[in-house]
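A.B. asks: Kindly generate the corresponding structure for this input.
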Amino acid sequence: MRLFNPCRIDPGYNPDAKSEGTVPPALSIQTYTDGHSHPVAALAVDPQSTTLVSTSDKVVVVTDIVSKKIKRRFHGHAGMINAVACSNDAETIFSAAYDGTVRIYDGRSRNTDPIQILTEAKDSVSSVLVEQAQNHAEILTAGIDGVLRTYDLRMGEVRCDDVGDPITGIAATRDGLCLAVTCLDGTIRLVQRSSGELLHKYAGGHTAGNYALGISLTSDDSYIVSGSEDGAVALYDIVEGNVVRTLQGHAKPTCAVAAHPMRDLSSVLVSVGYDGKAIVWSSRSHAAEFER
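C.D. replies: Below is the predicted model of the structure:
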């Protein structure tokens, strides 16, 4: 794994100007090689940017970002790990796997056994998301059985919302009211978090069916960002449901996307494809701010 300087901006996201020439190379500032004997399928970074959680087949690897030292290695899954997450302070580590389980580990204990195993899924779990607020935390999981599960840790309850098609990715709106899920049937669905009601479907800007594609929302909750099997990045207007823009830059399927968490940089996006490229997109105004 490598940590890159993100200040190389591809201007292709600007609606008033097309990208010209090749995408400039990013500057590698850190490389993490210890603890991985298999390709890295998933990773997560805590909000304080101190801890890197990654996978090596069936193993969770927890690394200190600055020192590059491995802090923990967690074993136990019977299948490849599809997704990882961590709490705000990296005290708790989560892993979702092909074996249909989500394992929860204590990130600060020397004991490597999970503190809890979620076994409600009937098939591979493709996504895990942790939402934390003051004195309240929820774990959201989704997978190939097409069910979105919300675990309320304070109440000790789990709610199941059947989406109907295999789910490959989930993302929450910043206001916490809705969830966007991307499905293998080529649609993205906006679900009301409190009731599980389907609010909107999005399609036409991306292709799906053979790969697990990532999904994200811009920090102002205006657009849903999706990867695509044709190498594009699709942006949907979350209210109108139409395709706002399709970004072309990858030669192979775009498997992961992420939007900048700061509202003032809502146009800044990162896409990663099976062509081995990571591309940063932005409007010109945000690119200038981002490069300072």
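A.B. asks: Every contact and neighbour count from this point should use C-alpha atoms.
C.D. replies: Fine.
A.B. asks: Now do the same contact list for P253.
C.D. replies: Counting by Cα atoms under 8 Å, 6 or more residues apart in numbering, P253 touches Y211, G227, S228, E229, D230, G231, A232, G273, Y274, D275.
A.B. asks: In strands, which of those appear?
C.D. replies: G227, A232, G273 (DSSP state E).
A.B. asks: Need the nearest residue in space to D275, chain neighbours excluded.
C.D. replies: Once flanking residues are discounted, D275 sits nearest to K252: 5.2 Å by Cα to Cα, 6 or more residues apart in numbering.
A.B. asks: tell me which element the one you found falls in.
C.D. replies: Per DSSP states H and E, K252 falls between elements, in no helix or strand.
A.B. asks: now swap in the one 4 residues further on and tell me
C.D. replies: Assigned by DSSP H and E, A256 belongs to strand 254-259.
A.B. asks: And S109, by the same measure?
C.D. replies: Per DSSP H and E, there is no helix or strand for S109.
A.B. asks: And it, how far from S49?
C.D. replies: 20 Å (Cα to Cα, to the nearest Å).
A.B. asks: out of these two, which sits in the busier spot?
C.D. replies: S49 (14 against 11; other Cα atoms under 10 Å).
A.B. asks: ok, now how distant is the more buried one from N82?
C.D. replies: 21 Å.
A.B. asks: Can you show me the helices along the chain?
C.D. replies: 284-290 (DSSP state H).
A.B. asks: Tell me, how many residues neighbour G156?
C.D. replies: Neighbours of G156 using other Cα under 10 Å come to 8.
A.B. asks: what's the answer for the one 3 residues further on, then?
C.D. replies: Look at R159: counted by other Cα under 10 Å, it has 15 neighbours.
A.B. asks: right, and it touches R149 too?
C.D. replies: Yes - here R159 reaches R149: they are 5.6 Å apart, a contact under Cα atoms under 8 Å.
A.B. asks: which secondary element of the chain has the worst mean pLDDT?
C.D. replies: helix 284-290 (a mean of 49; mean pLDDT, DSSP states H and E).
A.B. asks: Which residue is the nearest non-sequential neighbour of E131?
C.D. replies: Per Cα to Cα, 6+ apart, closest to E131 is E138, 5.2 Å.
A.B. asks: if I look at that neighbour, how far off is G249?
C.D. replies: 35 Å.
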